[in-house]
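Engineer: I need the structure of the sequence given here:
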Amino acid sequence: MTEAVRIPWSDGSWTHPPVAAEEQGDELVVTAAEGSDAWRETYYGFVHDSEHGLLAPFAVGTAMEVEFDAEFAEQFDQAGVFVRASAERWVKAGVEFADGLLQLGAVVTDGRSDWSVAPVPSWLGRRVLVRVSRGDDALIVRAAVDGGPLQFVRVVPFESALDAQAGPLAAAPSRPGLTVRFCAWRRTAADVSLH
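Structural biologist: Below is the predicted model:
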């Protein structure tokens, strides 16, 4: 697979259905439920298993790309790519509005969650692409804004034997009414190089 292939929205299955999901032309407009999120235990002491992930099979040697408009304004508004092997083994990668800034990062969960972010305030209100590539023993996360070059975000240990699914993610942990416009969902070849 050398060229990116668009995945129809109808090919995905929701981890938890959103309040609304409406196709508008080639785009999908998702309204997240208040309190939706994915997190396991670390620091906060709670488990949230209510994110809106639209998932399709994610094979070794492929990558998933999701594009969306980063129109966020409230604490923890988020969108990106969700990779799920089980309730206790998953990754979310993308952008999240936290502490007054848009942040680019990932949460990696293997029993318990971690979280890493870096501020990208200039990405607010712009078109964001998140790509997660699956290799033999790892995921490689990259992201870009407005069609610009992809930048490295993270390498995540992820065994090839895991049966995983991946696709668009939206969540609104702290408020009702978050709407995310997803512009594309594609499958392509995994990145072969880290650098």
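
Engineer: confidence score at the most centrally placed residue in the chain?
Structural biologist: With distances taken as Cα atoms, centre = their mean, V81 lies nearest the centre of the chain, 1.8 Å away. Note on V81: pLDDT of 98.

Engineer: what helices or strands is the strand or helix carrying it leaning on?
Structural biologist: In this structure, V81 is located in strand 78-86 according to DSSP states H and E. Taking 3 or more Cβ pairs under 8 Å, 6 or more residues apart in numbering; DSSP states H and E as contact, the helices and strands that strand 78-86 lies on are strand 52-57, strand 62-69, strand 89-98, strand 127-134, strand 165-171. (Each C-beta comes from the backbone N, C-alpha and C, glycine too.)

Engineer: just name the most buried of these.
Structural biologist: Between the helices and strands packed on strand 78-86, the one whose residues have the most neighbours on average, counting mean count of other Cβ atoms under 10 Å, is strand 165-171 (a mean of 28).

Engineer: now the helix or strand that that strand is followed by: how far from the chain's centre is it?
Structural biologist: Scanning forward in sequence from strand 165-171 by DSSP H and E, the next helix or strand is strand 179-189. Here strand 179-189 shows a centroid-to-chain-centroid distance of 10 Å under the convention Cα atoms, centre = their mean, to the nearest Å.

Engineer: and the angle for strand 179-189 with strand 52-57?
Structural biologist: Using axes from the mean of the first three to the mean of the last three Cα atoms, to 10 degrees, the interaxial angle of strand 179-189 with respect to strand 52-57 works out to 20 degrees.

Engineer: using PDB, write out every CA atom in strand 179-189.
Structural biologist: Presented in PDB, the C-alpha positions along strand 179-189 are these (Å, rounded to 0.1, in the frame of the first residue of the first chain):
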ATOM      1  CA  THR A 179     -18.700  19.400  18.100                       C
ATOM      2  CA  VAL A 180     -15.700  18.100  16.100                       C
ATOM      3  CA  ARG A 181     -15.600  18.200  12.300                       C
ATOM      4  CA  PHE A 182     -13.600  15.300  10.900                       C
ATOM      5  CA  CYS A 183     -12.500  15.900   7.400                       C
ATOM      6  CA  ALA A 184     -10.800  12.700   6.500                       C
ATOM      7  CA  TRP A 185     -10.000   9.200   7.700                       C
ATOM      8  CA  ARG A 186      -7.400   7.200   5.700                       C
ATOM      9  CA  ARG A 187      -5.400   4.100   5.700                       C
ATOM     10  CA  THR A 188      -1.900   4.100   4.300                       C
ATOM     11  CA  ALA A 189       1.500   2.400   4.600                       C
END
